[in-house]
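**Student:** this one's structure only:
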Ligand SMILES: Nc1ncnc2c1ncn2[C@@H]1O[C@H](COP(=O)(O)OP(=O)(O)OP(=O)(O)O)[C@@H](O)[C@H]1O
């Protein structure tokens, strides 16, 4: 089969710092080609070049040649890529928040009304809302999602947004080359499998796919070939049959990875937080009348299928979506679901929506790490008498941030670098560093290892365990990564349709979890 894509000696610098060095790569028609590498190794940069993303031109372009179906590719913008049949599913979503799910999926290729087509021509015809909605719902059904397609994207959870992004691309008839930047990062195994099946079907239909994932098992399962990046260079390449997750991990990280595991123990039965008939109206991810007790000092896992509520609990407590019911924290009822009030009480929520809620994009890595700790607890302020309070202790902040950047292996040119210039995984590490800086009594984390490479993932899990054990921080971890939950949690709550279905021990088998996630009792 011929090459859809041929890349010759591709290099890219950002402000003189190399992100890609002499990359050579081919992708054949109908091939699924995996791309793996540690955080900051250049994967998204390559994808952005291939999709004509303007950040590439704004930062000085690239060197080397790219051929798409035999023609030299020189893209000025993403619209040109789309017109050539290239599609992209972004790591950080590229959806229009104010439009509905249908409008996002059908944008630019709406089905128009037959009668007005005949009267005014296609260009001036009315959009057939009903048919568009039916078609969007059908595409989402292929991905296993049953949702009201009239909902605005602004209010959706990250995993539902991921389905919408994917649906927008698979609904295209003209697609010949699809770029996927971690499309399964927000999905649990079952949801991810549905998506992988769709990718396999697309490849059988001749679409070439470049597939970035930190889940090496997925790479092994569906890729015809895989290329490994380290520090912007190709370090190895494997054909299907030769792909082993151990080799991929070794090549991309350069060392072996030790898995974080928390020894089992008995936790206190003092409640840290009690939810009584607690509901959160997060569209597509609602929690309905949840009764749940979180115990002091435990790590409680929360999992569910996509759209069944696992992400909404922390958002509800912080008042980011309308909530109803009762929450008792310690011995007192929480009267206000409000971020600042609750942070002062020792509650902190690390959201999964990094771009929307997690980072201050125009600020430095250092500012992002110390921001909440300093704003709310004055952790880095000079201890001066009034009225001289509020000045930053630069040295203390510098020492602290430098240490965390080292411990978390955050890849940045300096702690003064703007966070928006970091790779996605490195931004996520900064968000976690900020949460741990606040040293909360009760920490809600949602998808903490999303987009994180296999080495840093274990470091983050280890840090959560250490914070829990040494600071007695109670942790509620919402995740689609069952394996991670099983390794670090004391108990795991399974939600079905926004309600607590079951609480399982981390030792429960995958079959028991599978049944619970599907809302079925053990036989
Ligand atoms: N806009 C930018 N300005 C400056 N440097 C950037 C910019 N975007 C990316 N970089 C740098 O280029 C390098 C490669 O980043 P890239 O996002 O391509 O990595 P990645 O392999 O996709 O990582 P991840 O797995 O974390 O998504 C990183 O060192 C990053 O800091």
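**Tutor:** On my side now, so go ahead. From a predicted model like this one, the values you see are computed outputs, not experimental measurements. Numbers count the residues shown, from 1 in each chain.
**Student:** need the residues of the stretch 401-523 of the chain near the ligand, please.
**Tutor:** For the stretch 401-523 of the chain, the contact set with the ligand under C-beta under 6 Å from any ligand atom comprises 411, 421-426, 451, 453. From N, CA and C alone the C-beta is placed, and that goes for glycine too.
**Student:** again with the stretch 201-350 of the chain
**Tutor:** Going by C-beta under 6 Å from any ligand atom, none of the residues of the stretch 201-350 of the chain are near the ligand.
**Student:** any idea how many residues pack against the residue in the chain that the ligand sits nearest to?
**Tutor:** Per C-beta to the nearest ligand atom, residue 425 is where the chain lies closest to the ligand, at 2.8 Å. By other C-beta atoms under 10 Å, the residues close to residue 425 number 26.
**Student:** verify the stated contact: it with residue 39.
**Tutor:** Yes - using C-beta atoms under 8 Å, residue 425 is in contact with residue 39, at 3.1 Å.
**Student:** redo the residues of the stretch 401-523 of the chain next to the ligand as a markdown table? Include secondary structure and pLDDT.
**Tutor:** As requested, those are exported to a markdown table (DSSP: H, G, I helix; E, B strand; the rest coil; pLDDT from 0 to 100):
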| residue | secondary structure | pLDDT |
| --- | --- | --- |
| 411 | coil | 88 |
| 421 | helix | 90 |
| 422 | coil | 89 |
| 423 | coil | 83 |
| 424 | helix | 79 |
| 425 | helix | 80 |
| 426 | helix | 88 |
| 451 | coil | 81 |
| 453 | coil | 88 |
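**Student:** out of those, flag the one nearest to residue 366.
**Tutor:** residue 422 (12.4 Å; C-beta to C-beta).
**Student:** in contact with that closest one, which residues?
**Tutor:** 40, 365, 410-412, 430 (C-beta atoms under 8 Å, 6 or more residues apart in numbering).
**Student:** go again with 10 Å.
**Tutor:** Residues in contact with residue 422, defined by C-beta atoms under 10 Å, 6 or more residues apart in numbering, are 39-40, 359, 361, 365, 368, 410-413, 428-430.
**Student:** same check on residue 467?
**Tutor:** Contacts of residue 467 by C-beta under 10 Å, 6+ apart are 299, 435-436, 439-440, 443, 473, 475.
**Student:** could you rerun that using 7 Å?
**Tutor:** Neighbour list for residue 467: 436, 473 [criterion: C-beta atoms under 7 Å, 6 or more residues apart in numbering].
**Student:** and what of the one 10 residues further on?
**Tutor:** Each residue near residue 477 by C-beta under 7 Å, 6+ apart is listed here: 299, 301-302, 445, 448, 485, 489.
**Student:** and residue 253, by the same measure?
**Tutor:** Counting by C-beta under 7 Å, 6+ apart, residue 253 has contacts 38, 454-455.
**Student:** tell me which entries of those lie within helices.
**Tutor:** Using DSSP state H, 454-455 are the members of the contacts of residue 253 that sit in helices.
**Student:** so, low pLDDT: which residues of this structure?
**Tutor:** Applying pLDDT under 70 to the chain picks out residues 1, 91-93, 108, 110-128, 354-356, 387-389, 522-523.
**Student:** outline the domain layout of it.
**Tutor:** Structural domains annotated on the chain: 3-85+174-253, 257-346+440-451+468-523, 360-439, as defined by automatic domain parsing.
**Student:** between the two ends of the last one, what distance do you get?
**Tutor:** By that I understand domain 360-439. Start to finish, the residues bounding domain 360-439 are 20 Å apart (C-alpha to C-alpha, to the nearest Å).
**Student:** who touches both of residue 425 and residue 39?
**Tutor:** Contacts common to residue 425 and residue 39, judged by C-beta under 7 Å, 6+ apart, are 452-453, 456.
**Student:** just give me the closest of these to residue 399.
**Tutor:** residue 456 (22.0 Å).
**Student:** number of residues surrounding the closest one?
**Tutor:** 25.
**Student:** so it touches residue 39, yeah?
**Tutor:** Yes - between residue 456 and residue 39 there is a contact under C-beta atoms under 7 Å: 6.1 Å.
**Student:** between those two, which contacts overlap?
**Tutor:** By C-beta under 7 Å, 6+ apart, the residues touching both residue 456 and residue 39 are residue 425.
**Student:** residue 468 falls within a strand, correct?
**Tutor:** No - under the criterion used here (DSSP: H, G, I helix; E, B strand; the rest coil), residue 468 is helix, not part of a strand.
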